[in-house]
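Novice: For reference, the sequence and a predicted model appear below.
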Amino acid sequence: MEAYAVIETGGKQYRVEAGNKIDVERLPGEVGAEVEVKNVLALSDGTALKVGTPFVEGASVVLTVVEHFRADKVVSFKKKRRKGYHRKVGHRQEMTRVEVKSIA
């Protein structure tokens, strides 16, 4: 079994392995920069699993920024029938595509 980690970034949790590419909420840093995530909730070396309370001591995951982009538009539409009320709001989230460089 491969080594993996469960990290928290942007209020969400991701299970990552070395070499994975994932889309997370916008992270600081230019394209090509390395970002270190210290919020590691669980860490596995392939045989043993360490679970943090809430984070694993001394564990970190290094991510490389591949690109910044905006996600697809999410539309929120509200309507009340026969009242003439409707409201339409759209939102596009700023995202960052990162590649997992190493797990330590």
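Specialist: Received it, and whenever you're ready, just let me know what you need.

Novice: beta partners of the residue sitting nearest the centre point of the chain?
Specialist: Against the mean C-alpha coordinate of the chain, by Cα atoms, centre = their mean, the closest residue is residue 24 at 3.3 Å. According to DSSP bridges, the partner residues bridging residue 24 are residue 96.

Novice: Name the strands paired with the helix or strand where residue 42 lies and say parallel or antiparallel.
Specialist: Residue 42 is part of strand 40-44, with elements assigned from DSSP states H and E. Applying DSSP bridges to the sheet, strand 40-44 is found paired with strand 4-9 (antiparallel), strand 49-51 (antiparallel).

Novice: hmm, back to that, ok, now which ones touch the residue nearest to the centre of the chain?
Specialist: Contacts here follow Cβ atoms under 8 Å, 6 or more residues apart in numbering; on that basis residue 24 touches 9-10, 12, 14, 95-96, 98. Yep, even glycine has a C-beta here, placed from its N, CA and C like the rest.

Novice: got it, and residue 23?
Specialist: 71, 95-98.

Novice: filter the residues you listed to the buried ones?
Specialist: Taking 16 or more other Cβ atoms under 10 Å as the criterion, what is buried in the contacts of residue 23 is 95-96, 98.

Novice: Among those residues, find me the one that's closest to residue 89.
Specialist: Set against residue 89, the nearest of the buried ones among the contacts of residue 23 by Cβ to Cβ is residue 95 (19.1 Å).

Novice: Would you mind measuring from the closest one to residue 46?
Specialist: Here the distance between residue 95 and residue 46 works out to 30 Å (Cβ to Cβ, to the nearest Å).

Novice: can you map out the strands along this protein?
Specialist: 4-9, 12-17, 21-25, 34-37, 40-44, 49-51, 61-70, 74-80, 85-91, 94-103 (DSSP state E).
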